[in-house]
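Trainee: sequence and predicted structure below; questions after.
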Amino acid sequence: MASLHVLMFVAIAMCLDSVAYASQGTATFYTRPYVPSACNGYNNDGVMIAAASYAIWNNGAVCNKYYRIRCTGATNQGIPRPCKSGTVVVKIVDLCPGCQGSALDLSKEAFSKIANPDAGRIKIQYNRD
């Protein structure tokens, strides 16, 4: 029984650890065509993709890296509950020169997994996956 408690403690600690280190930012979405991209040219990377702001881009070091994203709330009062439960994992394939601060521009398909597209822009937590 003691080992079960230890396992439960470790599992809870791992969950809390991932939340504690999550970065805060915002997300918007863009629509097709998704190519060309700054990372992979005309290579088709699918639809679970994103473009990163300069703050995240790091001179392209995030190209083809995966990020897990969770919607945490609205950025405006127009959509009071924009978030859906769960997370989405996206591959960074592009730079978003118009994004400010720690922002990600998700494909519409990826954005729709975690939020109502009518929100347009949401608050997020994100971690490298």
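Mentor: Received the coordinates, thanks. Numbering: from 1, shown residues only.

Trainee: CA only for contacts and neighbour counts going forward, please
Mentor: Will do.

Trainee: surely Q100 meets I56?
Mentor: No. The pair Q100 and I56 fails to qualify as a contact (C-alpha atoms under 8 Å) at a distance of 10.1 Å.

Trainee: neighbour count: the two, which is higher?
Mentor: I56 (18 against 14; other C-alpha atoms under 10 Å).

Trainee: give the phi and psi angles for the more buried one, as a check.
Mentor: phi -100, psi -30 (degrees, to the nearest 10).

Trainee: ok, now how distant is it from A103?
Mentor: 8 Å (C-alpha to C-alpha, to the nearest Å).

Trainee: would you map the strands across this protein?
Mentor: Assigned by DSSP state E, the chain shows strands spanning 23-30, 49-52, 66-74, 88-95, 103-107, 122-128.

Trainee: low-confidence ranges in the protein?
Mentor: 1-20 (pLDDT under 70).

Trainee: kindly recompute the last result at 80.
Mentor: Across the chain, the ranges flagged by pLDDT under 80 are 1-21.

Trainee: centre-most residue in it?
Mentor: The residue lying closest to the centre of the chain (C-alpha atoms, centre = their mean) is I69, at 3.3 Å.

Trainee: ok, it touching V88?
Mentor: Yes. At 5.4 Å, I69 counts as touching V88 under the criterion of C-alpha under 8 Å.
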